[in-house]
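Asker: Need a 3D model of the following:
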Amino acid sequence: MARRLLTLLTALLLALAIGQPSASAATFTNPVKTQKGADPWISYYAGNYYMVTTSWTSAITMRKSATLAGLATAPSVQVWTGDAASRCCNIWAPEIHFLNGRWYLYYVAGQNIADYNATQRTHVLESAGSDPTGPYTYKNQLNSAWMLDPTVATVNGQLYLFGSASGGTQNLVAARMSNPYTLATGFSTISTPTNSWEKSGGSVNEGPEILQRGGKTFLIYSASGCWTPDYKLGQLTLTGSDPLSASSWTKKSQPVFQRNDSAGVYGPGHNGFFTSPDGTENWIVYHANDSAADGCDNGRTTRAQKFTWNADGTPNLGTPVALGSSAGGPSGEPSAASTTYTLTNRNSAKCLEVAGGSTADGANVQQFTCNGGTRQRWRIEDRGDDTSRLVNVATGKVLDTADCSAADGADLRQWTWLDNACQRFRFLVTDGGYVRVVNQSTGKVAEVANCSTADAADVRQWTWLNNTCQQWKLNPV
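Answerer: Model (predicted):
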């Protein structure tokens, strides 16, 4: 009897263990994002990480993945583009925040290409629902003068906007908000560069990010010129009652995260924070350069690492780690990262594939019942200009618009990579998690011919009509 009870107990424990998520997260290697990796922000929501970074263009793209490692190869999906002359150009430092059941996307944009820096202003978008990818609508401009790096946080039950503005030096500023897109007060200065380590190459305080734990509020910010290897992070602690008063913040006398020459990390800064899927770990995401000679441009890459807490309750951000070293991902993740995707048509629920798995240039691209085969799997490779190439896993060749034709009905096929605009595509959010696949050369979209639901129906390009035959879901496999 005792032996039978022991056997039953063992079986029960095994069954319970099988039902639990893997304790081993997918291994990842920095950088998390190579292309356009500056000013990164990561939010974890409903089983996925969502990442946005500075684009330097009129577009904001977002990556989505169930694992931190998967962000490195996840498609960059365009969730917004500048829609007016007053906010057309050179988008910087986007962040998403979930407030009152919707996502709000805060960002900086210039008013013209020729003199974008002088015209940078802070703006906010609102999502249609609870999907972090949107779609988004424009809500408001949040300041009338030059200001960078907006972020929001709730402190003592009130929502505040923090940013960086010019006042002789580049300072940290804050304002109280009446809702996520409206200011309730003007801006007040809460920190100016006072230490020598905040003045390398320029007197700068920027990139404020709020970190809260155990009833304490910390503001981690970037200091010195972003064009120098001495760009770094400093820390303020809220020791008073009014977040709008500089006297309520106590500045740490030394930086809390800075260059690590022995690991080849220079200018680490403009960070964000996120929590592991199981809520047990705290992580920092930031950008950095891999040479002391690199500057404040698209050469910066996104990196992430776990951090801990000191005995006094303050954060211990540690030391920037070298590129190329592997580490376990955040706790509670799946144990494997997806690196390939299928594209499923919204109308037919069938998958984009290379017909017959042919390796020939010119082989047709069609839809077919999804079967998990390699001819239906695609690597989506970021080209660093808000476009991607779609590489078929079975053939190694790329999606291509036949003869670079701009005509409606021009065929989509596969071809050897020629690095031309006919082989580059943008993914633009529609709704419900679907995207339109837009050719960079022609501006036309991938659609299933005549909205057919049949196997082997042709996939071609056509003018955007906003119908379901022209919408696709990117599914990691």
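Asker: Please list all residues in contact with E126.
Answerer: With contact taken as C-beta atoms under 8 Å, 6 or more residues apart in numbering, E126 is in contact with R102, W103, Y104, L105, Y136, T137, K139, P180, Y181. Using the backbone N, CA and C atoms, a C-beta is placed for each residue, glycine as well.
Asker: make it 6 Å
Answerer: E126 makes contact with R102, Y104, T137, K139, according to C-beta atoms under 6 Å, 6 or more residues apart in numbering.
Asker: Most neighbours among those residues, please name it.
Answerer: Using other C-beta atoms under 10 Å as the neighbour test, the contacts of E126 are led by Y104, with 20 neighbours.
Asker: where's it relative to P180, distance?
Answerer: The spacing between Y104 and P180, counted by C-beta to C-beta, to the nearest Å, is 4 Å.
Asker: on that earlier part again, just give me the closest of the contacts of E126 to F427.
Answerer: Of all the contacts of E126, T137 has the smallest distance to F427: 19.3 Å, by C-beta to C-beta.
Asker: Chain neighbours aside, what residue packs nearest to that closest one?
Answerer: E126 (5.7 Å; C-beta to C-beta, 6 or more residues apart in numbering).
Asker: Give me the distance from the strand or helix carrying the one you found to the chain's centre.
Answerer: Using DSSP states H and E, E126 maps to strand 121-127. The chain centroid and the centroid of strand 121-127 are separated by 16 Å, computed with C-alpha atoms, centre = their mean, to the nearest Å.
Asker: Break the protein into its domains for me.
Answerer: Following the assignment in automatic domain parsing, the chain carries domains at 25-328, 341-476.
Asker: Let's have those domains in TSV, adding distance to P334 and mean pLDDT.
Answerer: TSV is the format used below for the domains of the chain (distance: least, C-beta to C-beta, whole Å; pLDDT from 0 to 100):
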stretch	distance to P334	mean pLDDT
domain 25-328	5	96
domain 341-476	10	98
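Asker: Tell me which of these sits nearest to S335.
Answerer: That would be domain 25-328 among the domains of the chain, by C-beta to C-beta, at 6.0 Å.
Asker: quick one, what contacts the most centrally placed residue in the chain?
Answerer: In the chain, the centroid-proximal residue (C-alpha atoms, centre = their mean) is M51; its distance is 1.8 Å. Going by C-beta under 6 Å, 6+ apart, M51 touches I42, R63, L71.
Asker: Can you tell me the SS state at it?
Answerer: strand (DSSP: H, G, I helix; E, B strand; the rest coil).
Asker: Tell me the one of the contacts of M51 nearest T194?
Answerer: Taking the contacts of M51 together and measuring to T194 by C-beta to C-beta, the closest member is I42, at 30.4 Å.
Asker: isn't the closest one right up against I284?
Answerer: No: using C-beta atoms under 6 Å, I42 is not in contact with I284, being 9.7 Å away.
Asker: and the gap between L105 and Y138?
Answerer: 10 Å.
Asker: Need the residues touching each of the two.
Answerer: L125.
Asker: Give me the more crowded residue out of those two.
Answerer: Higher neighbour count among L105 and Y138: L105, with 24 against 16, using other C-beta under 10 Å.
Asker: tell me which residues form a beta bridge with that one?
Answerer: Counting by DSSP bridges, L105 forms beta bridges with I96, L125.
Asker: Please renumber the chain so that the first residue is 8 from this point on.
Answerer: Done: numbering now begins at 8, and the last item shifts to L112.
Asker: Now for it: which residues touch it?
Answerer: So L112 contacts I103, L132, Y143 (C-beta under 6 Å, 6+ apart).
Asker: what's near enough to touch the second one?
Answerer: In this case it means L132. Shown in contact with L132 (C-beta under 6 Å, 6+ apart): L112, Y143, Y145.
Asker: Ok, the last one next?
Answerer: Contact partners of Y143, counting by C-beta under 6 Å, 6+ apart, are W87, L112, L132, S134.
Asker: who does the residue nearest to the centre of the chain bridge with?
Answerer: I49, R70.
Asker: Would you mind measuring from it to E102?
Answerer: 11 Å.
Asker: repeat for W316
Answerer: Distance of W316 to E102, computed by C-beta to C-beta: 23 Å.
Asker: More neighbours: those two, which one.
Answerer: E102 (21 against 12).
Asker: Spatially, what comes nearest to that one if we skip its sequence neighbours?
Answerer: Counting by C-beta to C-beta, 6+ apart, E102 lies nearest to W48, which is 4.4 Å off, once chain neighbours are set aside.
Asker: With T126 instead?
Answerer: Q118 (3.7 Å).
Asker: All set now, cheers.
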